[in-house]
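K.L.:
coordinates only, sequence not included:
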């Protein structure tokens, strides 16, 4: 499982390791301030009925982000957690 995926493409219970946060300036800085740093493990906890927003677990904290923002986070996928 070495292919890079977008955070928005993960399903509930799936995890991945942040590889890259795309974007510039304040947008990128804000996602990084929320804990989405390279090497950080992220798990999708749940997704709203229309797939927006997504609730994530990042460093033992809950974080909700919009799907559009999650599309700009590239991950190295890891195992599925049940």
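P.N.:
Structure received. Computed from a predicted model, the values in this text were never measured in an experiment.
K.L.:
buried sites along stretch 60-71?
P.N.:
The neighbour-count check on stretch 60-71 (16 or more other CB atoms under 10 Å) flags 63, 65, 67, 69-70 as buried. (C-beta placed from N, C-alpha, C; glycine too.)
K.L.:
so where is this structure shaky, pLDDT-wise?
P.N.:
Applying pLDDT under 70 to the chain picks out residues 1-2, 77-82.
K.L.:
biggest helix in it by residues?
P.N.:
Assignment by DSSP state H gives helix 25-33 as the longest helix of the chain.
K.L.:
which of the residues in the helix or strand that it is followed by are buried?
P.N.:
Following helix 25-33 in sequence order, the next helix or strand is strand 41-47 (DSSP states H and E). Of the residues in strand 41-47, 42-44, 47 count as buried by neighbour count, 16+ other CB under 10 Å.
K.L.:
out of the residues you listed, who's nearest residue 23?
P.N.:
Distance to residue 23, by CB to CB, is smallest for residue 42 among the buried residues of strand 41-47, at 16.4 Å.
K.L.:
ok, what's across the strand from the closest one?
P.N.:
Taking DSSP bridges as the rule, residue 42 bridges to residue 16, residue 58.
K.L.:
for it, give its distance to residue 51.
P.N.:
Separation of residue 42 from residue 51 (CB to CB, to the nearest Å) stands at 16 Å.
K.L.:
in helices only, show me the buried residues of stretch 60-71.
P.N.:
67, 69-70.
K.L.:
any idea which of the buried residues of strand 41-47 is the one closest to residue 75?
P.N.:
Of those, the one sitting nearest to residue 75 (CB to CB) turns out to be residue 42, at 6.8 Å.
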